[in-house]
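Novice: pasting the structure only:
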């Protein structure tokens, strides 16, 4: 299992709309092959900043299967208008837990 | 409950020593008032990059009680020599889970 970190800054004032868009996208992640859960973290110090943490079986499940699927366009349709810039996306292995 | 994000870059080659230092520090976090768990994430794409995720009851439990406690010095003693720069530390509320 790996974790996707998607670091997202939203346009000022669009925080509530972004959260609604993520909530509306939960079925998209729930049906994505290899996806095992989503958490949205909202920065306390910098309210325009969010991190979406997504558990995937592999990087390929995210970068190959999901990002090239029609559901990725649904996800981006739900939230993309809120983005202040391109999200910074990377992946981790949990080494201490 | 809030999550501390500590974004840490380590000096090249010091990744194993840093992981050992975090493991050695688990008792420090286990006994910290208001602390409810630690995860260390290691970037797949950028091996010098880590994110420590720490669950706290409040920001004050982290920033006031823990950072001003003797145990914070033990934590920094275990890992500080590995840091390539000052960690970037911030806090989140989980808004979708």
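Specialist: Received it, and whenever you're ready, just let me know what you need. Just so it is clear, the model here is predicted, and its values are computed rather than measured.
Novice: and the next helix or strand past the helix or strand residue A:28 falls within?
Specialist: Counting by DSSP states H and E, the element that carries residue A:28 is helix A:26-30. Per DSSP H and E, the first helix or strand lying C-terminal to helix A:26-30 is strand A:35-43.
Novice: avg pLDDT for that following strand?
Specialist: Strand A:35-43 shows an average pLDDT of 98 in the prediction.
Novice: what's around residue A:74, how many residues?
Specialist: By other CB atoms under 10 Å in any protein chain shown, 14 other residues sit near residue A:74. From N, CA and C alone the C-beta is placed, and that goes for glycine too.
Novice: so for the helix holding residue A:28, mean pLDDT?
Specialist: On average, helix A:26-30 scores 98.
Novice: is chain B contacted by stretch A:3-10?
Specialist: Yes - contact of stretch A:3-10 with chain B (CB under 8 Å from any CB of the partner chain) involves A:3, A:5.
Novice: ok, and for that stretch, which residues are buried?
Specialist: For stretch A:3-10, burial by neighbour count (16 or more other CB atoms under 10 Å in any protein chain shown) applies to A:3, A:4, A:5, A:6, A:7, A:8, A:9, A:10.
Novice: quick one: contacts of it?
Specialist: Applying CB atoms under 8 Å, 6 or more residues apart in numbering or on different chains, the external contacts of stretch A:3-10 come out as A:18, A:48-56, A:62, A:79, A:82-85, A:87-94, B:41, B:51.
Novice: quick revisit: for the helix holding residue A:28, packing partners?
Specialist: strand A:35-43, helix A:70-79 (3 or more CB pairs under 8 Å, 6 or more residues apart in numbering or on different chains; DSSP states H and E).
Novice: residue A:25 is nearest to which of these?
Specialist: helix A:70-79 (4.8 Å; CB to CB).
Novice: centre of the chain to the closest one, how far?
Specialist: 11 Å (CA atoms, centre = their mean, to the nearest Å).
Novice: and it, what does it pack onto?
Specialist: Using 3+ CB pairs under 8 Å, 6+ apart, helix A:70-79 is in contact with helix A:15-24, helix A:26-30.
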